[in-house]
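S.K.: From the sequence below, what's the structure:
(chains A and B)
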2 protein chains.
Amino acid sequence: MIARNPGLANLTAGYLFPEIARRRREYMAAHPDAKLISLGIGNTTEPLTPHIDAGLIDAAKRLATMEGYSGYGDEQGLTALREKIAAVFYGGKVAAEEVFVSDGAKCDIGRLQVLFGSKVEVAVQDPSYPVYVDGSVMVGAAGAYDDGKTSGRPGYAGIRYLPCTAENGYFPDLSDLPKNGLIYFCSPNNPTGAVATREQLAALVAAAKQAGSVIIFDAAYAEFIRDPSLPKSIFEIDRARECAIEVNSFSKPIGFTGVRLGWVIVPKELRYADGSAVIADWNRVCTTIFNGASNIAQYGGLASLEPEGLKEMRGLTDFYLENAKLIRATLEKLGISCIGGDNAPYIWARFPGRTSWDVFAQILDTCHVVTTPGSGFGPAGESFVRFSAFGHREDVVEACRRLERLG
Amino acid sequence: MIARNPGLANLTAGYLFPEIARRRREYMAAHPDAKLISLGIGNTTEPLTPHIDAGLIDAAKRLATMEGYSGYGDEQGLTALREKIAAVFYGGKVAAEEVFVSDGAKCDIGRLQVLFGSKVEVAVQDPSYPVYVDGSVMVGAAGAYDDGKTSGRPGYAGIRYLPCTAENGYFPDLSDLPKNGLIYFCSPNNPTGAVATREQLAALVAAAKQAGSVIIFDAAYAEFIRDPSLPKSIFEIDRARECAIEVNSFSKPIGFTGVRLGWVIVPKELRYADGSAVIADWNRVCTTIFNGASNIAQYGGLASLEPEGLKEMRGLTDFYLENAKLIRATLEKLGISCIGGDNAPYIWARFPGRTSWDVFAQILDTCHVVTTPGSGFGPAGESFVRFSAFGHREDVVEACRRLERLG
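M.R.: Predicted structure coming up:
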């Protein structure tokens, strides 16, 4: 029979979130009366807002009319949406043709891994969103897992882990970037909630240019930034157009986690060693193994970028940030050291001397609150857990009340 | 700088359909008064039907309510939809857990190429849907293009082309399948419109089993089959569960080309050489680089599988088949030899001694009708063009009137 793809065989465990769901189900089976509250996966909970929802409904209605029906659209997305994204989020710093609308950031990261293939060296912030590493392993850009028992350095062969710790202010040492490789960088960060400053991103761009490497900048949480001095896009930094791709998403700012809509920016200046343009290959990937985001979702996205929609987006992100403030205040009152939650919907809490899964199990058992174990995001996440601020207010308030049992 | 992925560098031309769109735009620029009719890309044209559209609208409305909102769903799709697909399309021959709902067949083929990786040998029907070959080249499962000028065998290195010609009744010789590889097989076929019989599929399954190879069975046009003796799924064939994956789509049967919804069946019996289950790796791929189809689209799909929705699906496919009949009758009256159009929405027309692009250009210029050049589907498609039956009735009637100029 056909051989198993070594890339898949190299993956040692399931994708993190289904694994948490499994442990949660296991706990529920043993404790059927427990009323669990999830501060685990970053899954939006609040209803879609009226103006944006009307955009979806109107689109669905139009599709049943002779004048309003459309079949395949451009794989790159509706021209109006590409123009609006360029104008609203980038103030003209990117062109509409550089915007590629998609069904979400996770899927785009998968396609970017197909774009760059198996020969590229990959660096990630450690901890980081698991898809950067898992997807790289899948396509063969990384190798077998080393549990670190002998080497002391757990991780996949070929992945350069850039520790982001309390000691370095959650911004990595840039002296050890891969040459002519890929650097995944997420700000506001998932899972730590840390946001890179303008100076830090300028240093990152300079270091990437120096190394000849491409930054895959994940800005999926940019709309949670409230400090006006913090950059929301890598393209606010000079010369980023020569060395960066940005991935972004409507999932968190307007609750489209289930509706599915995101985008990628590939600047025209970005070139391979042979001088050819990355944007041309990205267009080829998108037209060949992708067929556009749902047209209904795209019209919802378009509505979200109108003045009324932007107001709703701000209200929704404000709501989740208020949750974050409550959670962080609770943890700090308990003397638990943490960061994030001010310009990001995640709080990253440290439990020195303990394993993340141990803390996860304790909080599950003591408080009936589901968190995400930090070690699931990379070796440097060990002894942390991530609290997500996505939740109904009453659930977050109740979770905070229960978390006091940890004191 | 970063090196270009050799997989992308190996692709010699753009994806077929954007290329046709480019030539069409070029023609329009030179002939601004021409009123072109497209029988080119297989793009649905008729409005969504009422019951199915109501499913979409209701879903969009529910998302704005506290009780009805949902964020991320299971990457594999709504349980209710998986169950309904298993029951309605497979009559229990597959289990709901073997159904993976997606944003469409093209995207699924891309993910299947990630699943099997770069070390696998690939066979395709020749001609075939370009994504099988282009995607395989992208992930490195095929190599450089040979234009055939010296070798006489144009095509990508490593791809085994299985000619489907008038001479073999558009069903390939099975004596030369790859060992432990992949066989892409599409029935009803795109582009030829040929449908494999039960006996032919039984032979294919036997040959694939013998070769240790996996069939990727593309059944995206199954709902156009009217002859009850013809199989609509590979899983109607004994032992296919040990050697086949099926890809399918809501695009054509209910006009969801723009809404985006499809599915893949991976049977539990399908195993790699090492004995591990393919379904587990497919689940890992889907949970890692995919995040589920749009929930709105999924509720539309669910509505389409209710009795009223199934009636609408039948009405819509009947409509396009009536178009197909008109086109085929016109071509045959002109003495052009063709197949398809009876159990498929494509008509495959032969123009002996001429190149496909030449015929494409002639029909564009003489009739102002856009077709698809057969050579775009593979070397054996040379001298054919494909007519798509997707179009408004009045356009198809007018196109047929104009095609008479070819006589």
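
S.K.: List the buried residues for stretch A:294-306?
M.R.: A:294, A:295, A:296, A:297, A:298, A:299, A:300, A:301, A:302, A:303, A:304, A:305 (16 or more other Cβ atoms under 10 Å in any protein chain shown). For glycine as for every other residue, the C-beta is placed from the backbone atoms N, C-alpha and C.

S.K.: same thing with stretch A:347-358?
M.R.: A:347, A:348, A:349, A:350, A:351, A:356.

S.K.: Also stretch A:229-237?
M.R.: A:230, A:231, A:232, A:233, A:234, A:235, A:237.

S.K.: Between the residues you listed, which sits nearest chain B?
M.R.: Using Cβ to the nearest Cβ, the shortest approach to chain B within the buried residues of stretch A:229-237 belongs to residue A:234, at 16.2 Å.

S.K.: thinking again about what came up before, which two from the buried residues of stretch A:229-237 end up farthest apart in space?
M.R.: A:230 and A:235 (14.3 Å; Cβ to Cβ).

S.K.: tell me which parts of the stretch 51-200 of chain A are close to chain B?
M.R.: Along the stretch 51-200 of chain A, the residues adjacent to chain B under the rule Cβ under 8 Å from any Cβ of the partner chain are A:53, A:56-57, A:60-61, A:63-66, A:68-73, A:103-104, A:106-107, A:109-111, A:113-120, A:130-131, A:134-135, A:138-140, A:180-182.

S.K.: Could you tell me which of these count as buried?
M.R.: Members of these classed as buried by 16+ other Cβ under 10 Å are A:53, A:56-57, A:60-61, A:63-64, A:69-73, A:103-104, A:106-107, A:109-111, A:113-120, A:130-131, A:134-135, A:138-140, A:180-182.

S.K.: Quick one: classify the nearest residue to residue A:18 once chain neighbours are set aside as helix, strand or coil.
M.R.: Spatial nearest neighbour of residue A:18, excluding adjacent residues (Cβ to Cβ, 6 or more residues apart in numbering or on different chains): residue B:287 at 5.5 Å. Per DSSP: H, G, I helix; E, B strand; the rest coil, the local secondary structure of residue B:287 is helix.

S.K.: I'd guessed residue B:287 sits against residue B:75; true?
M.R.: Yes - using Cβ atoms under 8 Å, residue B:287 is in contact with residue B:75, at 4.7 Å.

S.K.: still on that earlier bit, restricted to strands, list the residues of the stretch 51-200 of chain A next to chain B.
M.R.: Mapping those onto strands (DSSP state E) picks out residue A:182.

S.K.: And the residue of the stretch 201-350 of chain A found nearest chain B, how far from residue B:117?
M.R.: Across the stretch 201-350 of chain A, the shortest distance to chain B (Cβ to the nearest Cβ) belongs to residue A:289, at 2.7 Å. Residue A:289 is 14 Å from residue B:117, where distance means Cβ to Cβ, to the nearest Å.

S.K.: what do you get for residue A:367?
M.R.: 43 Å.

S.K.: Then residue A:378?
M.R.: 24 Å.

S.K.: cool, residue A:224 as well?
M.R.: Using Cβ to Cβ, residue A:224 is found at 37 Å from residue B:117.

S.K.: tell me the contacts of the closest residue to chain B within the stretch 1-150 of chain A?
M.R.: Among residues of the stretch 1-150 of chain A, the one nearest chain B by Cβ to the nearest Cβ turns out to be residue A:110. It sits 2.7 Å away. By Cβ atoms under 8 Å, 6 or more residues apart in numbering or on different chains, the contact set of residue A:110 is A:131, A:135, B:111, B:114, B:288, B:289, B:290.
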